[in-house]
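Q: how would this look folded up:
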Amino acid sequence: MELGRLFIDDQVEALRDILSRNEVLTDVLAGASELRLPGWNLTAGCVFQTVWNVVTGRPATEGVLDYDLFYFDASDLSWEAEDAVIQAGRARFADVPATVEIRNEARVHLWYEEKFGVPCPPHSSTESAIDSFAATTCCVGVRTDPDGRWRVYAPHGLSDVFNLVVRPNPVLAPRDVYETKTARWRTQWPSLTVLPWP
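A: Have a look, this model is predicted:
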């Protein structure tokens, strides 16, 4: 049966099974749990691209550029506080054969406009940051609880992820970000269906 046509609880289980094939991802999940970052999620390309790889018969880690580890701490918005977390993560993930990008989503509004050319209102949580990704397919976050339970945040569901459909999410990121990303993804996963920016 097509994964995108499963009931949502079965889709979550299928997602866990697929992501578990990516040993780098599961190592990052374990490390993130150990770091005990507030409101953390492993998100973006490492999640949906692992799914794309597995459903198209590729190695789970193929083409995954980095592993985005988001957390939310509004108690200290200084770069120094975020950098201390980044350095702790660098030490924890020193043996991980990939780049782990750690970012405090409470600080995004401080630098987003300079980087992307549009203002970003302050996020209220890691999940609200995930909601603002350029494509709905990217809007998936996963984490593990201390008891090992997997938690999945997917405000647009999982069907598009399983079905290789990339749908624009024009709530924050500009059109050129979406088009640049999708052009790169199409070269690696040519079977993607990329929907146009509205």
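
Q: now the element after the least confident helix or strand in the chain by mean pLDDT, going C-ward?
A: Lowest mean confidence among the helices and strands of the chain (mean pLDDT, DSSP states H and E): helix 112-116, at a mean of 91. For helix 112-116, the succeeding helix or strand toward the C-terminus, using DSSP states H and E, is helix 126-130.

Q: what residues of that following helix count as buried?
A: 126-127, 129-130 (16 or more other Cβ atoms under 10 Å). (Glycine included, C-beta is placed from N, CA and C.)

Q: swap in stretch 33-40?
A: Residues 35, 37, 39-40 are the ones in stretch 33-40 that count as buried (16+ other Cβ under 10 Å).

Q: I figured R186 hits T193, correct?
A: No - counting by Cβ atoms under 8 Å, R186 stays clear of T193, with 9.9 Å between them.

Q: of those two, who's got more company?
A: Per other Cβ atoms under 10 Å, whichever of R186 and T193 has more neighbours is R186, with 14 against 11.

Q: contacting residues for that one?
A: 192, 194 (Cβ atoms under 8 Å, 6 or more residues apart in numbering).

Q: now it, what's its secondary structure?
A: Classification of R186 by DSSP: H, G, I helix; E, B strand; the rest coil places it in helix.

Q: report the separation between it and E114.
A: As judged by Cβ to Cβ, to the nearest Å, R186 and E114 stand 28 Å apart.

Q: where do the helices sit along this protein?
A: Remark: helices assigned in the chain by DSSP state H are 8-19, 23-35, 45-55, 79-92, 112-116, 126-130, 159-163, 175-188.
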